[in-house]
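[1] What follows is a predicted protein model with its sequence.
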Amino acid sequence: MWTALAFAVVGAIHLMPIAPVFVPETLSRLYGMAPTDSTLLVLMRHRAVLLGLVGMLCLWAIWAPSVRQAALLAAAINIVGFLGFYALYGNPAGALRTIAIADLVALPPLAFAAWATVIRG
């Protein structure tokens, strides 16, 4: 039960920024940027799709233990990757800080899910 809850939390955090896939104007609310540049708009909407995929994979892992290692890997790469770039660029304020905080909130349930899935078995 606790492992499923951990995957649910990590999945929900990854699904939260999916709105730009459907409503590009939400980029200004989520990231503090106006979707005027088409190149950036494509990249940010693609980011939303990828985060949605990671979120759905984590939610799938709640009911399918065979998917858990893949979900852990995808979520860990995403979270650690973003936090690494965030730190590399000096922990900028604004919307990126909010994303970093959300990723930090996701770390404990991700670590628990990893422990329960990989170590405890």
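    Noted; the coordinates are in hand. Numbers count the residues shown, from 1 in each chain.
[2] check which helix or strand covers the nearest residue to Ala116 once chain neighbours are set aside.
    Taking Cβ to Cβ, 6 or more residues apart in numbering as the measure, Ala116 lies nearest to Thr3, with 4.1 Å between them; neighbours along the chain are not counted. (C-beta placed from N, C-alpha, C; glycine too.) Using DSSP states H and E, Thr3 sits in helix 2-15.
[3] Any buried residues in the helix or strand of the chain with the lowest mean pLDDT, and which?
    In the chain, no helix or strand scores lower on mean pLDDT, DSSP states H and E than helix 26-31, which sits at a mean of 85. Buried positions in helix 26-31, judged by neighbour count with 16 or more other Cβ atoms under 10 Å: Thr26, Leu27, Leu30, Tyr31.
[4] again with stretch 112-121
    Phe112, Ala113, Ala114, Ala116, Thr117.
[5] Find the nearest non-adjacent residue to the last one, please.
    Read it as Thr117. Nearest in space to Thr117, with sequence neighbours left out and distances taken as Cβ to Cβ, 6+ apart, is Arg68 at 4.5 Å.
[6] How much space separates the one you found from Cys58?
    In this view, Arg68 and Cys58 are 9 Å apart by Cβ to Cβ, to the nearest Å.
[7] Now the common contact residues for the two.
    The overlap between the contact sets of Arg68 and Cys58 (Cβ atoms under 8 Å, 6 or more residues apart in numbering) consists of Phe7.
[8] re earlier: I'd like the buried residues of stretch 112-121 laid out as CSV, including distance to Ile62, pLDDT and secondary structure.
    Supplementary listing: the buried residues of stretch 112-121 in CSV, determined by distance: Cβ to Cβ, whole Å; pLDDT from 0 to 100; DSSP: H, G, I helix; E, B strand; the rest coil:
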residue, distance to Ile62, pLDDT, secondary structure
Phe112, 14, 98, helix
Ala113, 10, 98, helix
Ala114, 15, 97, helix
Ala116, 12, 96, helix
Thr117, 12, 96, helix
